[in-house]
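Colleague: sequence and predicted structure below; questions after.
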Amino acid sequence: MGEPEPAAKKEYTLDEISKHTTSKSCWLIIGNATNGGPKVYDVTGYLDDHPGGAEVMLDVAGQDADEFFEDIGHSKEAREELAKHYIGDFYLDEAAKKALAEQAEKQKSAVQKSPATTLLVVLVAVMAILYGVYQAQNS
Ligand code: HEM
């Protein structure tokens, strides 16, 4: 048994999204393999409230704005605000869906590996400090 799916999940194609590029109707695609895939947001009502200004949003309207959104390092509050404007998912064909799932899987295993990497870094640092102390005591 899979996860329960909402009955009618709306999906938008780039054809449709790319029509919404003005202050009268401004849509953005935000999301990637690490957070559930690309999603579509109608941010028309938020343009005038955006602390970064309306212009930056209009610049990337009707297209994939994920990198722009992530590069700013938007806060948790910004992400909560973003969620309010969600209108549906970005349509992915089977190949794109598969690529996204593979990317998500890769990200997951990279995260799982990271505690071991952190431990190794800490271990090397501790050994370096101990070596320093040993040297100091014997000089
Ligand atoms: C619905 C989508 C978006 C929401 C809800 C949002 C929300 C916010 C919020 C709350 C801030 C204040 C700082 C923070 O809390 O992180 C902020 C700052 C900013 N945002 Fe956005 N943002 C969105 C999309 C974008 C996009 C697509 C861009 C760039 C193309 C962008 C560029 C900026 C910039 C440059 C700032 C910094 C403003 C400054 O510090 O002067 N934002 N945004």
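Modeller: Yep, that arrived.

Colleague: pLDDT of the helix ranked longest in the chain, averaged?
Modeller: Longest helix of the chain, by residue count under DSSP state H: helix 94-137. Averaging pLDDT along helix 94-137 yields 86.

Colleague: what of stretch 46-55?
Modeller: Here the average pLDDT along stretch 46-55 is 98.

Colleague: heads up, I number from 139, so please use that
Modeller: Happy to do that; since the first residue is 139 now, the last one works out to stretch 184-193.

Colleague: just how off-centre is that stretch within its chain?
Modeller: Chain-centre distance of stretch 184-193: 20 Å, with Cα atoms, centre = their mean, to the nearest Å.

Colleague: pull out the buried positions in that stretch.
Modeller: Residues Tyr184, Leu185, Ala192 are the ones in stretch 184-193 that count as buried (16 or more other Cβ atoms under 10 Å). Where C-beta positions appear, they are placed from N, C-alpha and C, glycine not excepted.

Colleague: then stretch 149-161?
Modeller: Tyr150, Ile155, His158, Thr159.

Colleague: and Leu166, what does it touch?
Modeller: Val178, Tyr179, Val181, Met195, Val198, Ala199, Gly200, Gln201, Ala203, Phe207 (Cβ atoms under 8 Å, 6 or more residues apart in numbering).

Colleague: so where does the residue of the chain found nearest the ligand fall, helix or strand?
Modeller: Closest residue of the chain to the ligand, Cβ to the nearest ligand atom: Gly190 (2.6 Å). Assigned by DSSP states H and E, Gly190 belongs to neither a helix nor a strand.

Colleague: name the nearest residue to it, sequence neighbours excluded.
Modeller: Ile210 (6.9 Å; Cβ to Cβ, 6 or more residues apart in numbering).

Colleague: likewise for Lys162?
Modeller: Counting by Cβ to Cβ, 6+ apart, the residue nearest Lys162 is Thr182, at 7.1 Å.
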